[in-house]
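Novice: below are the sequence and a predicted model; questions follow.
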Amino acid sequence: MSAPLPRPAPFMPPRFNRHGVYAIYRFELARAVRTLIQSLVTPVITTSLYFIVFGSAIGARMQSVGGVPYGAFIVPGLMMLTLFTESIANASFGIFYPKFTGTIFELLSAPISPLETVLGYVGAAATKSVAIGAIILGTSSLFVPIHILHPVAMVALLLLTATAFSLFGFIVGIWAKGWEQIQIIPALIMTPLTFLGGAFYSIDMLPRPWRTLSLFNPVVYLINAFRWSFYGATDVGIGTSIAFTLGFLAACAAAVAWIFRTGYRLKN
Amino acid sequence: MPAAMQPAISIHRLVKRYDTGHVALHGIDLEIRPGEIFALLGPNGAGKSTLINIVCGIVTPTEGRVLAGGRDVVREYRAARALIGLVPQELATDNYESVWATVKFSRGLYGRSPNPRFLESLLDALSLADKRDARIMTLSGGMKRRVMIAKALAHEPQILFLDEPTAGVDVELRRDMWALVRRLRDQGVTIVLTTHYIEEAEQMADRIGVIDRGSLIVVEDKRALIDQLGERQLRLVLRRPLAAIPAGLADLGLQLRDRGDELVFTYDATRTIDVSALLRRLTELSIEISDMQTRQSSLEEIFVKLVGRRS
Ligand SMILES: Nc1ncnc2c1ncn2[C@@H]1O[C@H](COP(=O)(O)OP(=O)(O)O)[C@@H](O)[C@H]1O
Ligand SMILES: [Mg+2]
């Protein structure tokens, strides 16, 4: 160690730490780029499988749902299913990993606010899942003709859902004490709720008690709103669905605010 | 208060009670002067890391107040933390990242605009230049520690905390680390390091705080600490052994050691000695001296004495 040390120059941190947000965002996306092949190929293969199994094998024997061919009908549900799992997985991993390796100390000792931290992590996780959503849409269009009735609403719902579930994933990552817990929420809660939430069927196709029960499943409203942006048809009111999506976002935001105020599972 | 006189860090009545109920800090008061090397010395579990982690924002204080450069580390955390760099006790690195990416990340995280030239000279100074593009997992433990230091310095902090920088480090790296700390001080950086190695505090520090079971026992200039608390001993080797201390010397509190071969006189800053008067009295009693030595107690002995006094 012989080269001279550079002399530190003092500085006043700005009111908004944009360099900090960007550093986190870039760092998180860099991980996706390192595993680019996995990140891209996995959703393409999965989507193709769904179309081969549901679209062709089963879909050929199904009537159209509310005037929409079955293969096209499942596209919004498939996108939502992936959006949920990817958002939760990306955001929970993003914040759990530094807790696991101990590098979280740097985040806690940096002049960065909770809001800025969340912007970085949730922004990156949402970006990734929106990109994967787009890939699924692209792959689907190779199998079935797709038209989108309300494209602006579709993009807005995509962003909203990705953000809400990335926030939710961030909470899971902070709450988790081990890798199993990171996996348990998507596997034990999200996948069943999505499959039972009308991702691959209209809840109107269900017998009465099950249909009523489905109305207690929050995912029904999310998928419903998203499918409405494609085809216009809805199982439940579109207003209710959007209110539900916004409500979920607000609840997650409130939980994150509480986590940072109390330092829950972040600080002693 | 002029900026130069303002303490780098001031800590007022700081208490930490962990959720387990364990009280790790019992009302610490401490001021770190700008530009000094301060060593926080204490046995394992004394509360050194807790203290540092509260200043750096990793642990929340239960009571009390901490200012860095006059800014409250809780209420004005942005301004306070921008001044501070931390090398934590545990090596924690993102193994999949390159050295360059991780250092750049740290600088950005602290809100500073990119400055590749500064970062390059930093890596140079830490002998990391040729590892720039290496993944961290491929580095040795010593190199990883240097990366941790580079990360801590990436945003050009005025105050650097080093939590046990040389624990489990080989001799060579330890010397390097000490040299680095001195060079940082020469650049005007205030340094607070914790250690349970007395030698380290003795070698490095301008001032030393001794902490034990959550309380600061003493904070003192290193020299003054050794002078004040250090015992000095004058050992007189006798030509002919004595069976007992002669009655004529009883007032001096001498000890007879080594089967009567050695007379030992112990004194300290509060109790001085007139060596020539002592020697004259020995000559009067026909006690001949073949050799004499003085020795001063090390920080280690002082430390044992300080901590021992409390238990
Ligand atoms: N997260 C924690 N929860 C409960 N007790 C803790 C925690 N961290 C440290 N302690 C306790 O606080 C005391 C001080 O610990 P620490 O500050 O790490 O000491 P040092 O760094 O001097 O070795 C120890 O008794 C330790 O067991
Ligand atoms: Mg410690």
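Specialist: Good, I have the coordinates. Please read all numbers here as calculations on a predicted model, not as lab measurements. Ligands and ions are numbered 1, 2, ... in the order given.

Novice: switch to C-alpha atoms for all contacts and neighbour counts from now on
Specialist: OK.

Novice: A:Phe84 and A:Gly66, how far apart?
Specialist: With the distance defined as C-alpha to C-alpha, to the nearest Å, A:Phe84 ends up 25 Å from A:Gly66.

Novice: higher neighbour count, the two?
Specialist: Neighbours per residue, other C-alpha atoms under 10 Å in any protein chain shown: of A:Phe84 and A:Gly66, the larger number sits with A:Phe84, 24 against 14.

Novice: pick out the residue of the stretch 1-150 of chain B closest to chain A.
Specialist: B:Leu109 (3.8 Å; C-alpha to the nearest C-alpha).

Novice: low-scoring stretches of the chain, by residue?
Specialist: If you meant another chain, say so; for now it's chain A. Scanning chain A for pLDDT under 70 picks out A:1-2, A:59.

Novice: please refer instead to chain B.
Specialist: B:1-4, B:269-272, B:310-311.

Novice: how is it divided into domains?
Specialist: Split into domains by automatic domain parsing, chain B comes to B:9-227, B:231-310.

Novice: comparing the ones you listed, which comes out most buried?
Specialist: Most buried of the domains of chain B, by mean neighbour count (mean count of other C-alpha atoms under 10 Å in any protein chain shown): domain B:9-227, with a mean of 20.

Novice: residues in contact with the closest residue to ligand 1 within the stretch 51-200 of chain B?
Specialist: The minimum distance from the stretch 51-200 of chain B to ligand 1, using C-alpha to the nearest ligand atom, falls at B:Leu51 (6.5 Å). Listed by C-alpha atoms under 8 Å, 6 or more residues apart in numbering or on different chains, the contact set of B:Leu51 reads B:Leu25.

Novice: in what helix or strand does it lie?
Specialist: Using DSSP states H and E, B:Leu51 sits in helix B:48-56.

Novice: next secondary structure after that helix?
Specialist: Counting by DSSP H and E, what follows helix B:48-56 is strand B:63-68.

Novice: quick check: the closest residue to A:Glu116 other than its chain neighbours vs A:Gly120, distance?
Specialist: Spatial nearest neighbour of A:Glu116, excluding adjacent residues (C-alpha to C-alpha, 6 or more residues apart in numbering or on different chains): A:Val21 at 5.6 Å. Using C-alpha to C-alpha, we find A:Val21 at a distance of 5 Å from A:Gly120.

Novice: what of B:Ala243?
Specialist: 81 Å.

Novice: B:Pro157 belongs to a strand, doesn't it?
Specialist: No: read with DSSP: H, G, I helix; E, B strand; the rest coil, B:Pro157 is coil and lies in no strand.

Novice: for the stretch 101-250 of chain A, which residue gets nearest to chain B?
Specialist: A:Pro111 (4.3 Å).

Novice: tell me the SS of that residue?
Specialist: Per three-state DSSP, A:Pro111 ends up coil.

Novice: look up phi and psi at it.
Specialist: phi -80, psi 60 (degrees, to the nearest 10).

Novice: spatially central, which residue of chain A would that be?
Specialist: Closest to where the C-alpha atoms of chain A average out (C-alpha atoms, centre = their mean) is A:Ser87, at 2.7 Å.

Novice: ok, that one - contacts?
Specialist: Neighbours of A:Ser87 in contact, by C-alpha under 8 Å, 6+ apart: A:125-126, A:128-129, A:162-163, A:165-166, A:169.

Novice: ligand 1: which of those residues is nearest?
Specialist: Nearest member of those to ligand 1, counting by C-alpha to the nearest ligand atom, is A:Gly169, at 24.8 Å.

Novice: hmm, that closest one is touching A:Ala91, no?
Specialist: Yes: between A:Gly169 and A:Ala91 there is a contact at 4.9 Å, judged by C-alpha atoms under 8 Å.

Novice: any idea which element the residue of chain A found nearest ligand 1 lies in?
Specialist: Nearest residue of chain A to ligand 1: A:Asn268, at 5.5 Å (C-alpha to the nearest ligand atom). Per DSSP H and E: A:Asn268 is located in neither a helix nor a strand.

Novice: give the contact list for it.
Specialist: B:18-19, B:58-60.

Novice: as a markdown table, the residues you listed with distance to ligand 1 would be great.
Specialist: Shown next, in a markdown table, are the contacts of A:Asn268 (distance: C-alpha to the nearest ligand atom, whole Å):
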| residue | distance to ligand 1 |
| --- | --- |
| B:Tyr18 | 5 |
| B:Asp19 | 6 |
| B:Ile58 | 11 |
| B:Val59 | 8 |
| B:Thr60 | 11 |
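
Novice: can you name the two of these that are farthest apart?
Specialist: B:Asp19 and B:Ile58 (14.8 Å; C-alpha to C-alpha).

Novice: got a list of what A:Gly197 touches?
Specialist: With C-alpha under 8 Å, 6+ apart, A:Gly197 has these contacts: A:203, A:214, A:217-220, A:223.

Novice: tell me the secondary structure at it.
Specialist: coil.

Novice: what residues does the stretch 51-200 of chain B put near ligand 1?
Specialist: Nowhere does the stretch 51-200 of chain B come near ligand 1, counting by C-alpha under 6 Å from any ligand atom.

Novice: please enumerate the strands of the stretch 51-200 of chain B.
Specialist: B:63-68, B:71-72, B:84-87, B:159-163, B:190-195 (DSSP state E, counting those that start in this stretch).

Novice: need those strands in a markdown table (columns: distance to chain A).
Specialist: Shown next, in a markdown table, are the strands of the stretch 51-200 of chain B (distance: least, C-alpha to the nearest C-alpha, whole Å):
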| stretch | distance to chain A |
| --- | --- |
| strand B:63-68 | 13 |
| strand B:71-72 | 12 |
| strand B:84-87 | 8 |
| strand B:159-163 | 10 |
| strand B:190-195 | 11 |
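
Novice: to A:Tyr25, which of those lies closest?
Specialist: Here strand B:84-87 is closest among the strands of the stretch 51-200 of chain B (C-alpha to C-alpha), at 21.9 Å.

Novice: so what are the sheet partners of the closest one and their directions?
Specialist: Within its sheet, and counting by DSSP bridges, strand B:84-87 is paired with strand B:159-163 (parallel).

Novice: nearest the middle, which residue of chain B would you pick?
Specialist: Centre-most residue of chain B, counting by C-alpha atoms, centre = their mean: B:Ala39, 2.1 Å.

Novice: isn't that residue right next to B:Ala201, touching?
Specialist: Yes: counting by C-alpha under 8 Å, B:Ala201 is a contact partner of B:Ala39 at 5.6 Å.

Novice: any common contacting residues for those two?
Specialist: B:195, B:208.

Novice: what residues does the stretch 101-250 of chain B have near chain A?
Specialist: B:105-106, B:108-113, B:118, B:121-122, B:124-127, B:156-158, B:176, B:180, B:183-184, B:187, B:189 (C-alpha under 8 Å from any C-alpha of the partner chain).
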